[in-house]
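Enquirer: predicted model, plus sequence, below.
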Amino acid sequence: MISRSLAEKRIIYMGTPDFAVPALNALVENGYQVIGAVTQMDKPKGRGKAVIETPVKQSAAAYGIPVWQPAKVRDPEFIRFLQEQKPDMIIVAAFGQIIPKAVLDLPPFGCLNIHASLLPAYRGASPIQQAVLAGEKESGVTIMRMGEGLDTGDIISQSVVPLSPDETGGSLFAKLSDEGAALLLRTLPDVFEGRAVYTKQPDESPTPYAAMLKKQAGLLSFDESAEKLERTVRGMDPWPGAYTFLEGKTLKIWRSRTASEVQPEAEPGTVVRTGKDGIFVKCGTGTLCITELQLEGRKRMNSDAFLRGCPIENGTVLGDI
């Protein structure tokens with residue numbers, strides 16, 4: 001547990017998805033005083049359009065922490081409300097809105113952000129997926145003091161997390177969310193007690209901007225290399241999911257590997273062989289072996305089970321609608 005002086009610091013936590021939950025839990029369970037949680041508005045989901053509370057709202061409510069859900073955090077009335085709370089620090093993790101300068105300047109110890117990359121790499125909304133898509137061998141988390149630029153604030157601390165060869169967007173998400181919570185706990189005493197070192201980021205990032213993903217990002221183009229497509233399958237798992245089309249129906253690809261098949265004369269996207277070991281598809285370079293998939297309206301299954309219920313002939317071209 002932390003010292004009494006740290007326990008008296010008033011913290012407002014801002015976050016929305018599952019990624020932000022471990023850090024909130026860690027703060028509370030280690031004795032920090034979280035006086036309120038700010039999260040996005042609840043939204044309808046699923047076929048029934050039932051309104052689902054955000055993961056941060058659910059976690060905060062379980063601890064009895066007040067939850068505030070402004071439509072826009074830059075609303076002057078909400079900013080005045082935050083001022084009245086007199087926070088010593090605001091901690092942000094995947095909140096989902098731009099934090100205005102009036103809020104950034106409010107707490108005396110600043111606004112800290114937990115970012116899921118080793119800044120300045122992969123600034124933006126999808127750093128986790130982009131690290132997998134790019135074939136990175138390592139990623140990590142950064143605690144930074146937020147500035148007005150997008151993910152350009154001063155770096156306070158970082159922690160490196162290696163990627164496994166079969167890393168997916170979902171598995172890296174879990175690793176980095178847990179590591180972000182641990183790094184936050186290691187960093188806060190330094191910030192509150194004046195020992196933290198703030199390192200200015202360079203103006204330019206060494207990697208492309210990690211823009212927010214849309215469903216279209218999961219559409220496989222078999223003109224690309226098998227290596228790139230295999231990374232796409234992993235990076236887009238669980239959302240938006242990698243997919244193609246089979247006889248006009250959406251075909252999600254959940255697991256795949258590259259293969260050293262002899263390349264026949266066929267266009268990219270052509271199924272060149274099927275068997276118990278997978279469905280082999282010609283790519284722009286190399287061959288992609290699909291080992292787990294899901295046809296629209298059916299269950300997710302391995303390729304052997306899939307082929308027993310839905311045979312695919314050699315020469316079938318995936319991607320045709």
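Expert: That came through, no problem.
Enquirer: isn't residue 132 up against residue 164?
Expert: No - taking C-beta atoms under 8 Å as the definition, residue 132 is not a contact partner of residue 164, at 10.4 Å. Where C-beta positions appear, they are placed from N, C-alpha and C, glycine not excepted.
Enquirer: comparing these two, which residue is more hemmed in?
Expert: Applying other C-beta atoms under 10 Å to residue 132 and residue 164 shows that residue 132 carries more neighbours, namely 24 against 10.
Enquirer: list the contacts of the residue nearest to residue 217 when sequence neighbours are not counted.
Expert: Sequence neighbours aside, residue 240 is the residue nearest to residue 217 in space, at 6.1 Å (criterion: C-beta to C-beta, 6 or more residues apart in numbering). Applying C-beta atoms under 8 Å, 6 or more residues apart in numbering, we find residue 240 in contact with 213-218.
Enquirer: and those, which are buried?
Expert: Neighbour counting with 16 or more other C-beta atoms under 10 Å marks 213, 217-218 as buried within these.
Enquirer: circling back to that earlier point, out of the contacts of residue 240, who's nearest residue 149?
Expert: Distance ranking of those against residue 149, using C-beta to C-beta, places residue 213 first at 21.6 Å.
Enquirer: the closest one and residue 238: what is the separation?
Expert: Separation of residue 213 from residue 238 (C-beta to C-beta, to the nearest Å) stands at 12 Å.
Enquirer: same deal with residue 227?
Expert: Per C-beta to C-beta, residue 227 is found 21 Å from residue 238.
Enquirer: between the two, which is the more surrounded one?
Expert: For residue 227 versus residue 238, neighbours defined as other C-beta under 10 Å are more numerous around residue 227 (14 against 11).
Enquirer: pLDDT wise, what is the more buried one at?
Expert: Confidence at residue 227, expressed as pLDDT, is 97.
Enquirer: is it in contact with residue 259, as I believe?
Expert: No - in this structure residue 227 lies outside contact range of residue 259 using C-beta under 8 Å: 11.1 Å.
Enquirer: what touches both of the two?
Expert: Each of residue 286 lies in contact with both residue 227 and residue 259 under the rule C-beta under 8 Å, 6+ apart.
Enquirer: show me how far the helix or strand hosting residue 174 is from its chain's centre.
Expert: In the assignment (DSSP states H and E), residue 174 maps to helix 169-192. With C-alpha atoms, centre = their mean, to the nearest Å as the basis, helix 169-192 stands 14 Å off its chain's centre.
Enquirer: can you pull the buried residues of that helix?
Expert: For helix 169-192, burial by neighbour count (16+ other C-beta under 10 Å) applies to 169-173, 175-181, 183-185, 187-188, 191-192.
Enquirer: next one: stretch 235-243
Expert: 235-237, 240-243.
Enquirer: show the end-to-end separation of that stretch, please.
Expert: 12 Å (C-alpha to C-alpha, to the nearest Å).
Enquirer: need the contact list for residue 188.
Expert: Residues in contact with residue 188 (C-beta under 8 Å, 6+ apart) are 6, 32.
Enquirer: ok, of the contacts of residue 240, which one's closest to residue 1?
Expert: Closest to residue 1, out of all of those and judged by C-beta to C-beta, is residue 213, at 39.0 Å.
Enquirer: so what's that closest one up against?
Expert: 125-126, 129, 236, 239-240 are the contacts of residue 213 under C-beta under 8 Å, 6+ apart.
Enquirer: and it, what element?
Expert: Short version, using DSSP H and E: residue 213 is in no helix or strand.
Enquirer: just the helices in this structure please.
Expert: 4-7, 21-29, 55-62, 76-85, 101-104, 127-133, 169-192, 226-235, 303-309 (DSSP state H).
Enquirer: which parts of the last one are buried?
Expert: Taking 16+ other C-beta under 10 Å as the basis for neighbour counts, the residues of helix 303-309 that come out buried are 303, 306-307.
Enquirer: swap in the fourth one?
Expert: Taking 16+ other C-beta under 10 Å as the neighbour-count basis, helix 76-85 is seen to contain the buried residues 78-79, 82.
Enquirer: which outside residues touch it?
Expert: Here helix 76-85 makes contact (C-beta under 8 Å, 6+ apart) with 10, 12, 35-36, 68, 70, 72-73, 100, 102-103, 106.
Enquirer: narrow the residues you listed to those that are buried.
Expert: When burial is judged by neighbour count using 16+ other C-beta under 10 Å, the buried members of these are 10, 12, 36, 68, 70, 73, 100, 103, 106.
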